[in-house]
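# Pasting a predicted model and its sequence here:
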Amino acid sequence: MAVSIPRSGRVAILGTSLVQQNHNGGDTHVATSARGWMSWAEVLSHGAIRCPVHHDPAVVAGWEPSNRTGVSRYFSGLNFGVSGQKAIEIERRIDRLLVEDFDIIVVDAGTNDMMVETGEFIAATRARIAGRLLAAGKTVVLLPILMRGTQKWAAGGPERAKAHWINQMGLAFAEAHANCHVFDWNAAWVDYHSAHGEPHAGFSNDGTHFSVTGGFAVGKALAAYLGHLLPNPAPRLVSPDDRFDAAHNPLGNLVPVRPVTVAVKGGTTRNALATEIVNPGAGAWLSACCDVKVPAAAGLLGLSLRLVDHGEAGLSAIAMAPFEADGAGCFPLPDEAWSGTLRTPPLKLKPGNRSPGLMLDVILAPDAPPLTLTIAQPELRQISSPVRS
């Protein structure tokens, strides 16, 4: 097989809850998640990497989270993660995901098998999954088995040794197959001063899954890694005169382009990014984005771009929805300076006369010092329907 260069930044992700949790949805919303490593890769790459999803309440057999019959993920698109699944269940879903349009796919499989299957079985199933995707012409990026905290894998237990062996088998498979690569998310996740290979303090909410800072660290590393595989994207430069015109520029910007400075104090604030928003009418698919520049700030608990359809039964589409676990409050964002592009999932406007709303939601701890954020190049545009026909 010839080595190929992917044609775009459309990156699919396949796997378990470690993949599914990059996005979430419900009856009223669809969102990328602040705990999501792919979500952060999209943001920190300034949009060069894209893993688009859209709201979809359908229940699909074999795709029910944690094998709960009749339960929906509430989204479709290039996130092919389903919580609770073993590698053989992931393998069974390949035919359906191959009807989607993507070049690169990042693959997580085997973490839920570790306590019930042999290392040989897990490694062989992972190899079959990667082989099927390679045969379909996809560029495959294998993820090693993600290491866990000792509350999930006991210190000195067999799981860590098994995981290391499986991960070596993954490296050998990639070396032997064109268009197959390995991104070692453990390199950004594991505290190598830990004798038991546990994740860094604060990176996980439960010893297995990602908190916000863990997702940020892995997403930052993934953005740099994929930058070497992807072609350079066209720069996102928004001209002030690129405005919606029903006759001549129906894909023009629906909001005016002007820099916005948002100053916030402790608590939750919802800041309008535009008041003069054109309503293109019911049935239009919209997506919004903006650039953000965030200083180092302890106590930042949420920073989300929110697109709201004010029509009857309208949805909200949220970029980087905050992560709150068990009612204990939101997990903090990293306290280092960063910049990136927030992009909402698309939504389809319902009937109604009100224009959609575009806001920046900020959650700051009550005792945190005031924070000033810089917002630039807001865009709200019509897009083609993301629904597969």
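Thanks, I have it.
# Regarding this protein, what is its longest helix?
Longest helix of the chain, by residue count under DSSP state H: helix 158-176.
# in that one, what's buried?
For helix 158-176, burial by neighbour count (16 or more other CB atoms under 10 Å) applies to 159-160, 162-163, 166-167, 169-170, 173-174. C-beta coordinates here come from the backbone N, C-alpha and C atoms, glycine included.
# From the contact counts, what lies against that helix?
Applying 3 or more CB pairs under 8 Å, 6 or more residues apart in numbering; DSSP states H and E, one finds that helix 158-176 contacts helix 119-135, strand 139-142, strand 180-182.
# Can you redo these as CSV, where the extra columns are mean neighbour count and distance to His55?
Listed next are the helices and strands packed on helix 158-176 as CSV, based on neighbours: other CB atoms under 10 Å; distance: least, CB to CB, whole Å:
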stretch, mean neighbour count, distance to His55
helix 119-135, 19, 26
strand 139-142, 23, 27
strand 180-182, 19, 32
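# roughly how far apart are the closest residue in space to Arg343 that isn't next to it in sequence and Gly299?
The shortest distance from Arg343 to any non-neighbouring residue, by CB to CB, 6 or more residues apart in numbering, is to Cys289 (4.0 Å). Cys289 sits 26 Å away from Gly299, going by CB to CB, to the nearest Å.
# Output the contacting helices and strands for the longest strand belonging to the chain.
The residue-count maximum for a strand in the chain (DSSP state E) belongs to strand 371-383. Other elements packing on strand 371-383 under the criterion 3+ CB pairs under 8 Å, 6+ apart are strand 260-264, strand 285-294, strand 300-308, strand 357-364.
# mean pLDDT lowest for which of the ones you listed?
Least confidently modelled of those is strand 260-264, at a mean of 91 by mean pLDDT.
# And the contacts of the helix or strand just after it?
The helix or strand immediately downstream of strand 260-264 is strand 267-272, counting by DSSP states H and E. For strand 267-272, contacts defined as CB atoms under 8 Å, 6 or more residues apart in numbering pick out 260, 262, 264, 302, 306, 357-364, 366.
# any idea how far strand 267-272 is from the chain center?
23 Å (CA atoms, centre = their mean, to the nearest Å).
# Tell me which strands it pairs with, and in which orientation.
strand 357-364 (antiparallel) (DSSP bridges).
# what inclination does the strand it pairs with have with respect to strand 260-264?
40 degrees (axes from the mean of the first three to the mean of the last three CA atoms, to 10 degrees).
# hang on, the earlier thing: for Val53, find the nearest of the helices and strands packed on strand 371-383.
strand 285-294 (11.2 Å; CB to CB).
# same for that closest one, what does it pack against?
By 3+ CB pairs under 8 Å, 6+ apart, strand 285-294 packs against strand 300-308, strand 316-321, strand 338-343, strand 347-348, strand 371-383.
# Please name the strands paired to that strand in the sheet, noting orientation.
By DSSP bridges, strand 285-294 pairs with strand 338-343 (antiparallel), strand 347-348 (antiparallel), strand 371-383 (antiparallel).
# lowest average confidence, helix or strand, in this structure?
When each helix and strand of the chain is scored by mean pLDDT, DSSP states H and E, strand 260-264 comes last, with a mean of 91.
# What residues sit buried inside that strand?
Neighbour-count burial for strand 260-264 flags 260, 262, 264 (criterion: 16+ other CB under 10 Å).
# Stretch 270-285 too?
271, 273-274, 277-280, 284-285.
# quick revisit: what remains of the contacts of strand 267-272 if I keep only buried residues?
The neighbour-count test (16+ other CB under 10 Å) marks 260, 262, 264, 302, 306, 357-364 as buried among the contacts of strand 267-272.
# could you list every residue that touches Ile5?
Counted by CB under 8 Å, 6+ apart, Ile5 has contacts Pro231.
# Please tell me how far it sits from Asn179.
Remark: distance between Ile5 and Asn179 (CB to CB) = 10 Å.
# ok, back up a step: so which of the helices and strands packed on strand 285-294 comes closest to Gly26?
With CB to CB as the criterion, Gly26 lies closest to strand 316-321 of those, at 9.7 Å.
# what sits against Val257?
Counted by CB under 8 Å, 6+ apart, Val257 has contacts 238-240, 242, 377-379.
# try Val71
With contact taken as CB under 8 Å, 6+ apart, Val71 is in contact with 59, 64-65.
# in the protein, which segments are predicted with low confidence?
Judged against pLDDT under 70, the low-scoring parts of the chain cover residues 1-4, 327.
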